[in-house]
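**Q** need a structure here:
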Amino acid sequence: DGPGCEDAKACLGSIAKFLLTHESQRMELIINGHKNVTGTDPATWMDRPHIRFIGETGLEDTKWYNHKQNDALGYFMWARIQLALADKMPIVGDHYKLLGQLFDFLRTIECWKDLDAGHWEEHSAQHASSLGPCLAAVKAFKELVEQEGMSVLPCKDDTPDVLEKNLQEQLDLILPNETITPAEHTRDADSALIFLCYPLGVVSDKMGLQIVERLKKVMGHIAMCRYRKDSYWCKDYKELIGDDPTKHFTDEELKHRDSLLKEGEEAQKLYSEYSDWCEDRARQLAHEIKTGSAEADSLKASIAQEEATTATLGAKIEELAAAIATDEADLNAATHIREHEHSDFVREEAELAETVDMLKRATSILEREMAKGGAAMLQMRSINNLADALKVMVQASALSSADASKLSAFVQTQQQAKEDAEDQEDDAEFGAPAAAAYKGHSGDILEVLEGLTDKAEEQLGDLRKKETTDLHNFQMLQQSLEDE
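**A** This is a model prediction of the structure:
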């Protein structure tokens, strides 16, 4: 899954496209007997399906190359089938045809006894590292056939069985060696065999342990080589052979190259190369240390600066937190006061509104009774104070006793406020204290009630203005504290 899976699909898809486009015809010629590529004749090696191509273009590389590398074909087939087994890239159409063609090709050349070039450009021999990938591909294909219920194979019906039987028999004869045929190229330890253990899994645990035990022969103090007496590591290789890293060799050329390898030179060359690597690495590390030290100093300075900034910001945060706490306390106190102010306003507004209404009703009643000239008005002529006037109106059912009491209380409140303001000076509008006398005419009572009404309405207006001002001041304070 993930990017690795997508990369594998893209890579194997490109290889399949190359083989279908350029190599299918080569394999058909061999399968149908028109070309014979078995044996050790270098002239036939380019007639085999090419295992090297130009990556940038996907075209064949026409340079001479030893394409006798059955392991490369086996690894491709095995990897392609793994994607199919995992339901990541089904094998259908041209890919199915290509797979069958590859199996029939390996059967035609009898890959189990084919003397190929092994895991790289080795002597023509029967290499276990080539047999293993082909066997793994056959076993994986059989598993896919069973998993998918395939009834029609892309190759001859018995090809998978023929390949598995012969490959397994030959592999059992050779392992834990890499090669035993021909005898002059016998090799008992080769790092390429480790892939037969994993990921191919074509050997038992017991055989795997034997392979690993053999590999101790190719292990050094630091690393391991592919195999011992590899003439690629001969002394002065570039001067004697050339510096073309893509050059491949015929069997005769390899014999000549092998003759250049002297006892101990392989180890000396490896040591020299390792020594050169150590020196290059030491210079690289010295540069990295120098660069890293300068970077460390710069980072330390940055850290110190950031720590100072952090301390400054921490103090600022504490200062702001204290200011916020103070502002929140001020806002809570102001909100509490505002709530009380508004509560008082609601109560006082209701009382004044009710008083205004009562005064207007009392005035209206008195005007109506005066117009009628009833007995109550005759009685009013002998009354000389407001309290008695209100009592007469109550007795005449012109005013409720509750309203009369509230009006009396209002008059007393107004009179007391007036006295406090004028330092006990008589009030010309209301006369003496609330029970004081007034002129014995009903018209005078009307004037008093109208005056009281005007006063009450004035107080109601002042009260509402004050409420508006108080609310505005609170909102301004609230906005100021929240903006901080």
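
**Q** correct me, but residue 8 touches residue 76?
**A** No. Look at residue 8 against residue 76 with Cβ atoms under 8 Å: they stay out of range, at 11.5 Å. Heads up, the C-betas are built off the backbone N, CA and C, glycines and all.

**Q** Which residue of these two possesses the greater neighbour count?
**A** Between residue 8 and residue 76, counted using other Cβ atoms under 10 Å, the more crowded position is residue 76 (21 against 16).

**Q** for the more buried one, what are its contacts?
**A** 12, 15, 16, 19, 102 (Cβ atoms under 8 Å, 6 or more residues apart in numbering).

**Q** ok, so of these, who is nearest residue 295?
**A** residue 12 (42.6 Å; Cβ to Cβ).

**Q** need the contact list for the closest one.
**A** So residue 12 contacts 76, 79, 80, 83, 89 (Cβ under 8 Å, 6+ apart).

**Q** just checking, which of those belong to helices?
**A** The members of the contacts of residue 12 that map onto helices under DSSP state H are 76, 79, 80, 83.

**Q** On the pLDDT front, check the last one for me.
**A** Right, the one you point to is residue 83. Residue 83 is assigned a pLDDT of 97 by the prediction.

**Q** what sits against it?
**A** With Cβ under 8 Å, 6+ apart, residue 83 has these contacts: 5, 8, 9, 12, 89.

**Q** how far out from the middle of the chain is the helix or strand harbouring the third one?
**A** Taking DSSP states H and E as the criterion, the element that holds residue 9 is helix 2-18. Centroid separation between helix 2-18 and its chain, computed with Cα atoms, centre = their mean, to the nearest Å, is 26 Å.

**Q** and if you look at stretch 286-295?
**A** On the basis of Cα atoms, centre = their mean, stretch 286-295 sits 34 Å off its chain's mean C-alpha point.

**Q** Grab the longest helix from this structure for me.
**A** Per DSSP H, the chain has its longest helix at helix 265-372.

**Q** ok, of the contacts of residue 12, which one's closest to residue 198?
**A** Among the contacts of residue 12, and counting by Cβ to Cβ, the member closest to residue 198 is residue 79, at 14.0 Å.

**Q** Can you name the element that comes right after the helix holding residue 9?
**A** Downstream of helix 2-18, the first helix or strand assigned by DSSP H and E is helix 24-31.

**Q** For residue 72, list the residues it contacts.
**A** Contact analysis of residue 72 by Cβ under 8 Å, 6+ apart lists residue 51.

**Q** In the helix or strand harbouring it, which residues are buried?
**A** Here residue 72 sits within helix 70-85, counting by DSSP H and E. Neighbour counts over helix 70-85 (16 or more other Cβ atoms under 10 Å) mark 70-84 as buried.

**Q** do stretch 17-34 as well
**A** Those would be 18, 19, 23, 24, 26, 27, 30, 31, for stretch 17-34 by 16+ other Cβ under 10 Å.

**Q** And for residue 250, nearest residue in space, chain neighbours not counted?
**A** residue 42 (4.5 Å; Cβ to Cβ, 6 or more residues apart in numbering).

**Q** quick one: least confident helix or strand in the chain?
**A** One helix or strand of the chain scores below all others by mean pLDDT, DSSP states H and E: helix 375-380, with a mean of 53.

**Q** ok, residue 240 - how many residues close by?
**A** Counted with other Cβ under 10 Å, residue 240 comes out at 11.

**Q** when you give positions from now on, start the count at 669
**A** Let's use 669 as the start, then, which means that last one is residue 908.

**Q** still on that earlier bit, residues contacting the residue nearest to residue 918?
**A** Residue 710 neighbours (Cβ under 8 Å, 6+ apart): 734, 918, 919.

**Q** in the helix holding residue 677, what's buried?
**A** Buried-residue list, helix 670-686, by 16+ other Cβ under 10 Å: 676, 680, 683, 684, 686.

**Q** repeat for stretch 716-735
**A** So, applying 16+ other Cβ under 10 Å, buried residues of stretch 716-735: 716, 717, 718, 719, 720, 721, 728, 733, 734, 735.

**Q** Just give the closest residue to the third one, not the sequence neighbours.
**A** With Cβ to Cβ, 6+ apart as the measure, residue 735 is the residue that lies nearest to residue 718, at 5.2 Å, once sequence neighbours are left out.

**Q** how close does the one you found sit to residue 715?
**A** Residue 735 sits 8 Å away from residue 715, going by Cβ to Cβ, to the nearest Å.

**Q** before we move on, what about residue 807?
**A** 29 Å.

**Q** For those two, indicate the residue with more neighbours.
**A** Per other Cβ under 10 Å, whichever of residue 807 and residue 715 has more neighbours is residue 807, with 20 against 15.

**Q** Which positions within the helix or strand that contains the more buried one qualify as buried?
**A** Here residue 807 sits within helix 796-816, counting by DSSP H and E. Neighbour-count burial for helix 796-816 flags 796-809, 812 (criterion: 16+ other Cβ under 10 Å).

**Q** ok, now stretch 1129-1140?
**A** 1131, 1135, 1138.

**Q** Repeat that for stretch 776-791.
**A** Going by neighbour count (16+ other Cβ under 10 Å), the buried part of stretch 776-791 is 776-777, 779-780, 782-791.

**Q** Residue 890 - nearest residue in space that isn't next to it in sequence?
**A** residue 942 (7.1 Å).

**Q** Tell me the confidence at the one you found?
**A** Reading off the model, residue 942 has pLDDT 74.

**Q** Quick check: next helix or strand after the helix holding residue 807?
**A** That would be, after helix 796-816 and using DSSP H and E, helix 827-842.

**Q** what sits up against the helix or strand following that next one?
**A** Using DSSP H and E, the next helix or strand after helix 827-842 towards the C-terminus is helix 862-865. Outside helix 862-865, the residues that touch it by Cβ under 8 Å, 6+ apart are 796, 797, 800, 801, 843, 870, 871, 876, 879, 880, 883.

**Q** State the mean pLDDT of helix 862-865.
**A** Here helix 862-865 scores 96 as its mean pLDDT.

**Q** Kind regards, and thank you for your time.
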